[in-house]
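Q: Okay, sequence plus prediction incoming.
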Amino acid sequence: MIAALIITFREVLEAALIIGVVLAATRGIPKARYWVAVGILGGVTGAVIVAQFAGAISDSVSGFGQEIFNASVLLLAVLMLAWHNVWMSTHGKQMAAEMRNVGDEVRAGGRPLYALAIVVGLAVMREGSEIVLFLYGLAAADGGLTNAVTGGAAGLAIGIVVGAALYFGLLRIPSRYLFQVTAWLIAFLAAGMAAQAMVFLSAADLVKLGPQLWDSSSLLSQNNIPGQILHTLIGYVDRPRALQGVAYLGTLALIFGAMHFMSRRHRHTTTAASARH
Amino acid sequence: MFKTATLLAGIVALGMMITAPVFAADITVIDVIIKDHKFQPDRIEVEAGKAFTLMVKNDDATPEEFESHDLNREKIINGHSSAKIRIGALEPGEYKFFGEFNEDSAQGVIVAK
């Protein structure tokens, strides 16, 4: 049961942290919870389907289907996170400034909640499919069903508690800074996922990761719980290689570059518009 | 408009990150079998500096996840099926791997000489 608890918890943890960040980033936005719920439900459904077709996925693309699939899922999530941040950089400041005066409908203002729902769905699907396969294997053993159910449920519960702790921690941030903090968090999530995608692409023999940049595994292993939390939230890797570093920094540069560019452009157009009045 | 720009930026970034696949001929294939949640062999000696492929055959009925922090690999292998795992050229040394779903018993090491 302990093994089931630990493995389920580890898999749930990543998705739970991502959901915590997304919920905080969409605090006070109408329908945000609905979209997150849609993402979770879609992710759970996806997890069962992926687990069902694990063999077929694995055998595709000359035996590297699983690696390509994981890399694609991660990169799609990176695109969605980037798109959300860029959109927020043009509308977010305005929204924060007008928060008190503007009605809920305007506040929601076409914010791409679907992008974050997709991010949540992909995270749940990726981690969930491993849980499904693991628990299935466990339940198949003699007397394993009880183990699988109780261990799985306990692991899930603890994962949710950690995700909730992150969410409530973030909510303590004053609302005028909250969007800035969550924008950073979302950019770091994206950068970490982009770096992780490179590992899967290298496992599929599509890229070379290059030389190791450093080894901090004795300082903080990526495989204990604190290391794993940092790995998810800011993309901490204890033995990163060159391409992971390039993907990480490149993603941050692209996201912040695009945010800067768009918010400047947006400011120009709004100043021009108000000058005409 | 913004959407297209983001998408393009993403695609360009991806293009830059993916270098051309490396065409290596004569890759050594090493067979590994998972049976009763154990690896056979559980100690694999390879030549340092030469890439190779592990062909892992899972003879158990249940899925296993081949995982190695040292080698940066994780791959699920369904029950009664095989999966290949490409490993690049290694520096001399020992590289541990394990089966995540049965970590107590499924342990192994690759020794590069």
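A: Arrived safely, thanks for sending.

Q: Low-confidence stretches in chain A?
A: For chain A, residues meeting the criterion pLDDT under 70 lie at A:92-110, A:268-277.

Q: Secondary structure element holding the residue in chain A that chain B sits nearest to?
A: Closest to chain B within chain A is A:G137: 3.1 Å, counting by C-beta to the nearest C-beta. Heads up, the C-betas are built off the backbone N, CA and C, glycines and all. Element membership of A:G137 [criterion: DSSP states H and E] is helix A:113-140.

Q: hmm, back to that, isn't the residue of chain A closest to chain B right up against B:N78?
A: No - applying C-beta atoms under 8 Å, one finds A:G137 not in contact with B:N78, separated by 9.7 Å.

Q: okay, and the common contacts of the two?
A: Overlap of the contact sets of A:G137 and B:N78 (by C-beta atoms under 8 Å, 6 or more residues apart in numbering or on different chains) consists of B:P63.

Q: Please report how far B:E67 lies from chain A.
A: Taking C-beta to the nearest C-beta, to the nearest Å as the measure, B:E67 falls 10 Å from chain A.

Q: elements contacting the helix holding A:G137?
A: Counting contacts by 3 or more C-beta pairs under 8 Å, 6 or more residues apart in numbering or on different chains; DSSP states H and E, helix A:113-140 is packed against helix A:2-25, helix A:32-52, helix A:65-98, helix A:144-171, strand B:64-68.

Q: Quick one: residues in contact with stretch A:135-154.
A: Outside stretch A:135-154, the residues that touch it by C-beta under 8 Å, 6+ apart are A:1-5, A:8-9, A:51, A:131, B:61-64, B:79, B:101.

Q: Which per-residue confidence value corresponds to the closest residue to chain A within chain B?
A: Per C-beta to the nearest C-beta, B:T62 is where chain B lies closest to chain A, at 3.1 Å. Per-residue confidence for B:T62 comes out at a pLDDT of 93.

Q: Ignoring the adjacent residues along the chain, who's closest to A:H84?
A: Nearest-residue entry for A:H84: A:A115, 4.7 Å, with adjacent residues in sequence omitted and distances by C-beta to C-beta, 6 or more residues apart in numbering or on different chains.

Q: try A:S58
A: Nearest non-adjacent residue to A:S58, counting by C-beta to C-beta, 6+ apart: A:Q66, 4.6 Å away.

Q: Tell me which residues touch that neighbour, please.
A: Going by C-beta under 8 Å, 6+ apart, the list of residues near A:Q66 reads A:A54, A:I57, A:S58, B:K75, B:I76, B:A83.

Q: Now rank these by neighbours and give me the top one.
A: For the contacts of A:Q66, counting by other C-beta atoms under 10 Å in any protein chain shown, the largest number of neighbours falls to B:I76: 26 neighbours.

Q: Name the residues of the stretch 51-200 of chain A found near chain B, please.
A: Among all residues of the stretch 51-200 of chain A, those adjacent to chain B (criterion: C-beta under 8 Å from any C-beta of the partner chain) are A:54-55, A:58-59, A:63-64, A:66-67, A:75, A:78-79, A:82-83, A:86-87, A:90, A:130, A:133-134, A:136-138, A:140-141, A:198-199.

Q: mind checking the SS state of the residue nearest the centre of chain B?
A: By C-alpha atoms, centre = their mean, the mean C-alpha position of chain B lies nearest to B:I85, the distance being 3.6 Å. Classification of B:I85 using DSSP: H, G, I helix; E, B strand; the rest coil returns strand.
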